[in-house]
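Asks: Kindly return the folded structure for what I paste below:
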Amino acid sequence: LRADLGWSHSRARPVREVIAALLPNTLLLAGTGLSLGLLFGVLLGAWQGWYAESPWSRYSDRLMLALTSVPEFILGLVLAMVFAFEFRLLPVSGMHSEGVTGLVDLITHLILPAGTLCLGIMALLARHQRSAMRSVRDAEFIRAARASGITERRIVWRHALRNALAPVLTVLGSLLGALASGTLLIERIFDWPGMGRAMLEAVGQRDYPLVSGAVLVTSLVVVAGTLVSDVLVAWANPRLRRSL
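Replies: As a prediction, this is how the structure comes out:
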């Protein structure tokens, strides 16, 4: 209750100070990957579901299935090999270049690790959004909206998409636990100075207080994120709000 998580002998500092210094970096990485994955996954899945008979929709769905099947650490290594080692477009490690602390430099270092998380989340959510959008597309209230003269764009954005969001937001709550473990691996691959990398190093050095503190804080973040997901589900589903 006093946030006294013990002493980290590997870093010669209290555990809470170590976590306070590293947690914002992890939240930046995970939050960026999750936000972009949610945005692109929902938009792509909604388009795939609404135009399910289109050849491009089927091809993109197969691509998302392939991305879902690839482990995040493999995807991260492939992206690093292509964009960092082969074309030398992006930095492969760290949070800043040596002697540089600007926002542009931070963004360039963030692209590869956050992009790895984004691709995995986008692929998973797009498949769920596609299925939900297809089931909503032929619903009675959509036909009634068309019969009343509402434009197709408004039907998609105002009626169909909002009703199809609830299953995706439910999946998002269960995705947070996997995101926590995925962030740990991504931080290790790209040498991102976050709590996940510190946890792995603490395991190797048998720094048990730091490991316990990191696990506790990660669990609290996942619980808070799941609560936010439940609130978003209630917002997207008017019937659920009325029952509450």
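
Asks: where does the protein have low pLDDT?
Replies: 237-244 (pLDDT under 70).

Asks: can you pull out the strands in it?
Replies: Using DSSP state E, the strands of the chain run over 7-8, 13-14.

Asks: Name the residues that touch the last one?
Replies: By Cβ atoms under 8 Å, 6 or more residues apart in numbering, the list of residues contacting strand 13-14 from outside reads 4, 5, 6, 7, 8. Quick note: C-beta positions are derived from backbone N, CA and C, even for glycine.

Asks: please redo it, this time with the cut-off set to 6 Å
Replies: Residues outside strand 13-14 that contact it (Cβ atoms under 6 Å, 6 or more residues apart in numbering) are residue 7.

Asks: Direction included, what does that strand pair up with?
Replies: Note on strand 13-14: by DSSP bridges, its sheet partners are strand 7-8 (antiparallel).

Asks: And for the partner strand, what's in contact with it?
Replies: By Cβ under 6 Å, 6+ apart, strand 7-8 touches 14, 15, 18, 207, 209, 210.

Asks: redo that, cut-off 10 Å
Replies: 13-19, 198, 202, 205, 207-211, 213-214 (Cβ atoms under 10 Å, 6 or more residues apart in numbering).

Asks: gap between the spatially closest residue to residue 110 that is not a sequence neighbour and residue 89?
Replies: Leaving aside its sequence neighbours, residue 110 sits nearest to residue 32 (Cβ to Cβ, 6 or more residues apart in numbering; 6.2 Å). Noted for residue 32: a distance of 18 Å to residue 89, by Cβ to Cβ, to the nearest Å.

Asks: What are the neighbouring residues in contact with the most centrally placed residue in the chain?
Replies: Centrality entry for the chain: nearest residue to the mean C-alpha point is residue 34, 2.3 Å, by Cα atoms, centre = their mean. The contact partners of residue 34, by Cβ under 10 Å, 6+ apart, come to 27, 114, 117, 118, 121, 125, 172, 175, 176, 179, 183, 225.

Asks: out of these, who's nearest residue 49?
Replies: Closest approach between the contacts of residue 34 and residue 49, by Cβ to Cβ: residue 125, at 12.1 Å.

Asks: Excluding sequence neighbours, find me the nearest residue to that closest one.
Replies: In space, and not counting its chain neighbours, residue 125 is closest to residue 41: 3.1 Å by Cβ to Cβ, 6+ apart.

Asks: Residue 64 too?
Replies: Spatial nearest neighbour of residue 64, chain neighbours left out: residue 123 (4.3 Å); criterion: Cβ to Cβ, 6+ apart.

Asks: Pretty sure residue 86 sits against residue 92.
Replies: No. Here residue 86 does not reach residue 92: they are 11.1 Å apart, not a contact under Cβ atoms under 10 Å.

Asks: which stretches of this structure form helices?
Replies: 15-50, 55-69, 72-79, 103-137, 140-147, 152-154, 161-189, 195-204, 208-236, 238-243 (DSSP state H).

Asks: will you turn the ones you listed into TSV that also has distance to residue 96?
Replies: Supplementary listing: these in TSV, determined by distance: least, Cβ to Cβ, whole Å:
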stretch	distance to residue 96
helix 15-50	11
helix 55-69	29
helix 72-79	19
helix 103-137	6
helix 140-147	49
helix 152-154	43
helix 161-189	15
helix 195-204	15
helix 208-236	22
helix 238-243	44
